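K.L.:
sequence first, then the predicted structure:
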Amino acid sequence: GGRAGDVGFFVQPTVFTEVADHMTISREEIFGPVQCISKFESLDEVIKRANDTNYGLAAGVFSSNLDTVNTLTRGLRAGTVWVNCYNLYDSAVPFGGYKESGIGREKGEYALSSYTRVKAVYQPLKNSAWR
């Protein structure tokens, strides 16, 4: 991947292979057309390695095996998990990350919690209807 165009700071889609877990590119969020490829031997290893980060905005799972998909979507600590697609959004579906990838949710009913506060008030009432 090289520079894309003459204006701005854009890069061409880039694929990195043989990425080790200790590499910065594997440990931090990259916002751009970048894909890191790492080999694995088991789903447990995938979940452990994917969750061994301070971030958890989103994840993508590509598989035709429903058991694999269900295992990974339940095990990955990410706010969004796309299955056999990527970067799809719906305004009714909450979006936000886990850990250092965000506080709260955007979109959907969950987004309202950012603009509201819940308060419980207890007060004894005379002539209560609950006698």
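P.N.:
Nice, I can see it. Residues are numbered from 1 along each chain as shown.

K.L.:
how about the strands in this protein?
P.N.:
With strands called from DSSP state E, the chain shows them at 14-16, 34-36, 58-61, 80-83.

K.L.:
can you put those strands in TSV and add mean neighbour count?
P.N.:
In short, each C-beta sits where N, CA and C put it, glycine included. Converted to TSV, those look like this (neighbours: other Cβ atoms under 10 Å):
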stretch	mean neighbour count
strand 14-16	13
strand 34-36	14
strand 58-61	18
strand 80-83	17
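
K.L.:
could you tell me the least trusted of these?
P.N.:
Note on these: strand 34-36 shows the lowest mean pLDDT, a mean of 89.

K.L.:
who's in contact with T80?
P.N.:
L57, A58, A59, F95, G97 (Cβ atoms under 8 Å, 6 or more residues apart in numbering).

K.L.:
how much space between it and T116?
P.N.:
Shown here: T80 relative to T116, a distance of 23 Å by Cβ to Cβ, to the nearest Å.

K.L.:
same check on S38?
P.N.:
Counting by Cβ to Cβ, the gap from S38 to T116 is 41 Å.

K.L.:
neighbour count: the two, which is higher?
P.N.:
Using other Cβ atoms under 10 Å, the more surrounded residue of S38 and T116 is S38, with 16 against 7.

K.L.:
list the contacts for that one?
P.N.:
Contacts here follow Cβ under 8 Å, 6+ apart; on that basis S38 touches E18, V19, A20, D21, S26, R49.

K.L.:
repeat for G56
P.N.:
Residues near G56 by Cβ under 8 Å, 6+ apart: L76, R77, A78, G79, G97, Y98, K99, E100, S101.

K.L.:
pull the most distant pair out of those residues.
P.N.:
Farthest pair in the contacts of G56 (Cβ to Cβ) is L76 and E100. Separation: 15.7 Å.

K.L.:
what about the nearest residue in space to G2 that is not next to it in sequence, how many neighbours?
P.N.:
Spatial nearest neighbour of G2, chain neighbours left out: Q12 (5.6 Å); criterion: Cβ to Cβ, 6 or more residues apart in numbering. By other Cβ under 10 Å, the residues close to Q12 number 11.
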